[in-house]
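Student: I would like to see how this sequence folds:
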Amino acid sequence: MSDVVIIGGGPVGLFMAALLLQRGVAVTVLEQRTAREPHSRAIGIHPPALEALGRIGVDQELVRRGVPIRRGLALSRGTILAQMSFAGVSERYPFVLSLPQNSTEALLEERVCGLNPDALRRGVRVTGLHDDGGRVTVDACVDGIQERITAPLVIAADGVRSAARANLGVPVRCRDYADRYLMGDVADSTAFGPDAALFLAGDGIVESFPLPGQRRRWVVRLGAYDGVYDGAYRAAGPDAGWLAREVWRRTGIDVDVGSQSMLSGFGVRARLARRMVCGRVILIGDAAHEISPIGGQGMSLGWLDALALTPLVPGLLAGRRSGLAAFERNRMRQAARAARQSEINMALGRPLHGGLLSARNGAIAAVAAVPAANRLVARRFTMQ
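Tutor: From the prediction side, this is the model:
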């Protein structure tokens, strides 16, 4: 019998499980996928998240496997407009760590299984939730067989299409953006090394981030008619060749299409649940707040939800709800702040031409040249 059922065995659900298992809480994690995804969209781990991950002893191994990004460059037409150092954002982790999400998940799963090899159950699809005020019953389907699992507390970390949130009928504030992007991972042929590079081109931003194994991720903003939306391609939509041509046209850098290991298009939307606490069910991570991936704050935001919730769980299991309202209020405030930051990030990368492009790029250079402003922007970008 479990004290807590966690719905969702992604990075947030696994981190939540490890935190609770370390406290002696009996946990069952229900994950619909039978195996981890082979490819990864999320790659950024911010300093506060690394501090949080240190609570379960995986931070140093993550750093060993990833690429610490200590500096970001803003460029235009081959000229460096601005540099942003992350040296002052954290004493212990003065960088943003680049590591594909599937690698992060693998390490988190190892940690959970090391604490309890039976905690994670894969291939379990949640079909219903029933909170009777004393316990929560989870209806699930396993290999076509219906099963009922009960626990005093359920934590839903089942992502942007959260079945738990839908079953609970939690209303969501929705906003869809016109911004569309195509990204691909290729061998690194640049001289940027561990630096991130943002190319402020007239037709839209091009972002470039180092990855482990001498690889680099390229993210290109698409125009209104380039044909990618929400990760799905139109009939004549962009492909790897298009990505390489656009990177060359906007940056002058040649991308090795033959070394491509991942290609994905995505749109942008924001989904903020109206509440995170629903009786004995609590929403965290993308189940509670989906924000733009531009800026890479979504995964870290979910980990910080889990960290904030953990000390409240023993009291909740004992029937005490003190601190829960403050948890919900504070985490929803942080989600709204991250959503606003992602909007700023997107706005700075939208297409501009002529005098408007020169004015924007000049303003970015001017702000970056003021040390205090540069440090402030670096702290906001890294979720400080």
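Student: strand partners (parallel or antiparallel) of the longest strand seen in the chain?
Tutor: Longest strand in the chain by number of residues, with DSSP state E as the criterion: strand 172-187. Here strand 172-187 is paired, per DSSP bridges, with strand 215-221 (antiparallel), strand 262-273 (antiparallel).
Student: list the buried ones in the next helix or strand after that strand?
Tutor: Using DSSP states H and E, the helix or strand that follows strand 172-187 in sequence is strand 196-199. Within strand 196-199, the residues scored as buried using 16 or more other Cβ atoms under 10 Å are Ala196, Ala197, Leu198, Phe199. In short, each C-beta sits where N, CA and C put it, glycine included.
Student: contact partners of strand 196-199?
Tutor: 69, 71-76, 96, 190, 205-210, 250-251, 349 (Cβ atoms under 8 Å, 6 or more residues apart in numbering).
Student: only whichever of those residues are buried, select them in ChimeraX.
Tutor: The ChimeraX command for the buried members of those (criterion: 16+ other Cβ under 10 Å) is given here:
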select :69,71,72,73,74,75,76,96,205,206,207,208,209,210,250,251,349
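Student: can you map out the strands along the stretch 251-384 of the chain?
Tutor: Listed in chain order, the strands of the stretch 251-384 of the chain (DSSP state E, counting those that start in this stretch) span 262-273, 277-278, 281-283, 289-290.
Student: so how far is the second one off the chain centroid?
Tutor: From the chain centre to the centre of strand 277-278 is a distance of 22 Å (Cα atoms, centre = their mean, to the nearest Å).
Student: for this structure, what spans make up the helices?
Tutor: Along the chain, the segments classed as helices by DSSP state H run 11-22, 47-53, 59-65, 101-115, 163-168, 240-251, 298-309, 313-317, 324-348, 354-368, 371-381.
Student: most packed of these?
Tutor: Mean neighbour counts were compared across those using mean count of other Cβ atoms under 10 Å; the top stretch is helix 11-22, at a mean of 27.
Student: hmm, which helix or strand of this protein has the shakiest average pLDDT?
Tutor: strand 232-233 (a mean of 40; mean pLDDT, DSSP states H and E).
Student: pLDDT weak spots in the stretch 151-300 of the chain?
Tutor: 224-237 (pLDDT under 70).
Student: domain boundaries for the chain, per the record?
Tutor: Listed by automatic domain parsing, the domain ranges of the chain are 4-43+100-171+274-345, 174-269+347-381.
Student: of those, which is nearest Phe86?
Tutor: Of all the domains of the chain, domain 174-269+347-381 sits nearest to Phe86, with 5.7 Å by Cβ to Cβ.
Student: of the helices of the chain, which is nearest Ser90?
Tutor: helix 47-53 (3.8 Å).
Student: how far off centre is that closest one?
Tutor: Worked out by Cα atoms, centre = their mean, helix 47-53 lies 13 Å from the chain centre.
Student: which strands or helices does that helix pack on?
Tutor: helix 59-65, helix 298-309 (3 or more Cβ pairs under 8 Å, 6 or more residues apart in numbering; DSSP states H and E).
Student: follow-up on the earlier one: which one of the strands paired with strand 172-187 lies nearest to Met84?
Tutor: Of all the strands paired with strand 172-187, it is strand 215-221 that lies closest to Met84, at 17.3 Å by Cβ to Cβ.
Student: just the CA atoms of that closest one, as PDB, please.
Tutor: Extracted in PDB, the C-alpha atoms of strand 215-221 (Å, rounded to 0.1, in the frame of the first residue of the first chain):
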ATOM      1  CA  ARG A 215      27.000  18.200 -30.900                       C
ATOM      2  CA  ARG A 216      25.000  21.300 -31.200                       C
ATOM      3  CA  ARG A 217      21.300  22.200 -31.200                       C
ATOM      4  CA  TRP A 218      20.000  24.700 -33.700                       C
ATOM      5  CA  VAL A 219      16.600  26.400 -33.300                       C
ATOM      6  CA  VAL A 220      15.200  28.500 -36.100                       C
ATOM      7  CA  ARG A 221      12.200  30.700 -35.900                       C
END
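Student: residues making contact with it?
Tutor: 43, 179-190, 192, 203-211, 243, 246-247, 250, 255, 259, 261, 294, 349-351.
Student: mind listing what Ala166 touches?
Tutor: For Ala166, the contact set (Cβ under 8 Å, 6+ apart) is empty.
Student: go through the domains of the chain and name the closest to Gln83.
Tutor: domain 174-269+347-381 (6.7 Å).
Student: how far out from the middle of the chain is the closest one?
Tutor: With Cα atoms, centre = their mean, you get 17 Å for domain 174-269+347-381.
Student: likewise for stretch 344-361?
Tutor: On Cα atoms, centre = their mean, the centre of stretch 344-361 falls 25 Å from that of its chain.
Student: measure that stretch end to end?
Tutor: Start and end residues of stretch 344-361 are separated by 14 Å (Cα to Cα, to the nearest Å).
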